[in-house]
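Participant: build me a model from this:
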Amino acid sequence: MTFRNGLDSLLRPDDSVLVLIDHQPYQLANLNSHDPHMVVNNSTALAKAAKAFGVPTILTSVIADRGGVIFPQITDVFPGQEVIDRTFINTWEDRQVVDAVKATGRKQLIIAGLWTEICVAMPTIQALGEGWDVTVVTDASGGTSVEAHEVAIQRMVMAGANMMTWLAVASEWQRDWARTEHAAELSEVLVQHAAGSGIAFLWEQQLLKTPVPSKG
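Facilitator: Numbers count the residues shown, from 1 in each chain. Prediction:
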């Protein structure tokens, strides 16, 4: 196994591309590894963080006529953007999705989706075999059971994938609070979606009167 370590292994917004897979009502209805409210919150937060940092995001569903359209909380982040609707269960076998990813020129592939054991594991393992640097966002994904989710994570780790949570991804993109270009946007995502951390941040601003500097 090739170990993923060193500074260059950390995520960079200018080299990241995000693929959000099958965040749809049918999948959510049989989500048993996580609180469904949490997965909707976390996948939305991940989408907003990607937009804040200018990370290209591909949205894809599977047979939306039957499984329902992607959660509006996600599509509202990217108004007017096409959602690629597939018949392939394995997203990485869909040429339109793969071409969209390749067109970004990015090398750090970040994936989240429902369900972990199927619609996340399949493209992750295939993309790893094709030489991609793949990160799976575990708390913006979920499986049909705790076991299914955890076994899928073990399988993907053994294949060489990197596992992270949405807040860790956003923090790695920010990297340094002296980089103020996106700090205000990220702070707003934290307030809206990071629960206790977001509230504590607002409290800090209240007590210390230390607003996050915005660009310009």
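Participant: restricting to C-alpha, output the lowest-mean-pLDDT helix or strand in the chain in CSV.
Facilitator: Lowest on mean pLDDT, DSSP states H and E among the helices and strands of the chain sits helix 195-208, with a mean of 80. What follows is helix 195-208, C-alpha atoms only, in CSV (Å, rounded to 0.1, in the frame of the first residue of the first chain):
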residue,chain,number,x,y,z
ALA,A,195,-23.8,23.0,15.2
GLY,A,196,-22.0,23.6,18.5
SER,A,197,-18.8,24.8,16.8
GLY,A,198,-20.8,27.4,14.9
ILE,A,199,-22.5,28.6,17.9
ALA,A,200,-19.3,28.8,19.9
PHE,A,201,-17.8,30.8,17.0
LEU,A,202,-20.6,33.3,17.2
TRP,A,203,-20.2,33.6,21.0
GLU,A,204,-16.5,34.2,20.5
GLN,A,205,-17.3,37.1,18.1
GLN,A,206,-19.8,38.5,20.6
LEU,A,207,-17.4,38.4,23.5
LEU,A,208,-14.2,39.4,21.8
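Participant: could you check how far that helix is from the centre of its chain?
Facilitator: A distance of 24 Å separates the C-alpha centroid of helix 195-208 from that of its chain, computed with Cα atoms, centre = their mean, to the nearest Å.
Participant: helices or strands up against that helix?
Facilitator: helix 183-193 (3 or more Cβ pairs under 8 Å, 6 or more residues apart in numbering; DSSP states H and E). (C-beta placed from N, C-alpha, C; glycine too.)
Participant: tell me what the helix it packs on is packed against?
Facilitator: Taking 3+ Cβ pairs under 8 Å, 6+ apart as the contact cut, helix 183-193 packs with helix 36-52, helix 166-174, helix 195-208.
Participant: the second one vs helix 195-208, what angle?
Facilitator: Relative orientation of helix 166-174 versus helix 195-208 (axes from the mean of the first three to the mean of the last three Cα atoms, to 10 degrees): 50 degrees.
Participant: so how far is helix 166-174 off the chain centroid?
Facilitator: 10 Å.
Participant: buried residues in it?
Facilitator: By 16 or more other Cβ atoms under 10 Å, the buried positions in helix 166-174 come out as W166, L167, V169, A170, S171, E172, W173, Q174.
Participant: ditto for the first one
Facilitator: For helix 36-52, the neighbour count (16+ other Cβ under 10 Å) marks 39-52 as buried.
Participant: what residues does it touch?
Facilitator: 16, 18, 20, 23, 28, 31, 55-57, 71, 73-74, 77-78, 112, 114, 137, 139-142, 165-167, 169-170, 173, 182, 185-186, 189, 192-194 (Cβ atoms under 8 Å, 6 or more residues apart in numbering).
Participant: so which of the helices and strands packed on helix 183-193 is nearest I125?
Facilitator: Distance to I125, taken as Cβ to Cβ, is lowest for helix 166-174 among the helices and strands packed on helix 183-193, at 20.1 Å.
Participant: quick one: that closest one to helix 183-193, angle?
Facilitator: Going by the same axes, to 10 degrees, helix 166-174 makes 180 degrees with helix 183-193.
Participant: so for helix 166-174, what's the average pLDDT?
Facilitator: The pLDDT scores in helix 166-174 average 97.
Participant: C-alpha coordinates for it, CSV please?
Facilitator: C-alpha atoms of helix 166-174 as CSV (Å, rounded to 0.1, in the frame of the first residue of the first chain):
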residue,chain,number,x,y,z
TRP,A,166,-16.8,17.5,5.8
LEU,A,167,-15.4,19.9,8.4
ALA,A,168,-11.9,18.4,8.0
VAL,A,169,-12.2,18.8,4.2
ALA,A,170,-13.2,22.5,4.6
SER,A,171,-10.4,23.1,7.2
GLU,A,172,-7.8,21.6,4.9
TRP,A,173,-9.0,23.8,2.0
GLN,A,174,-8.7,26.8,4.3
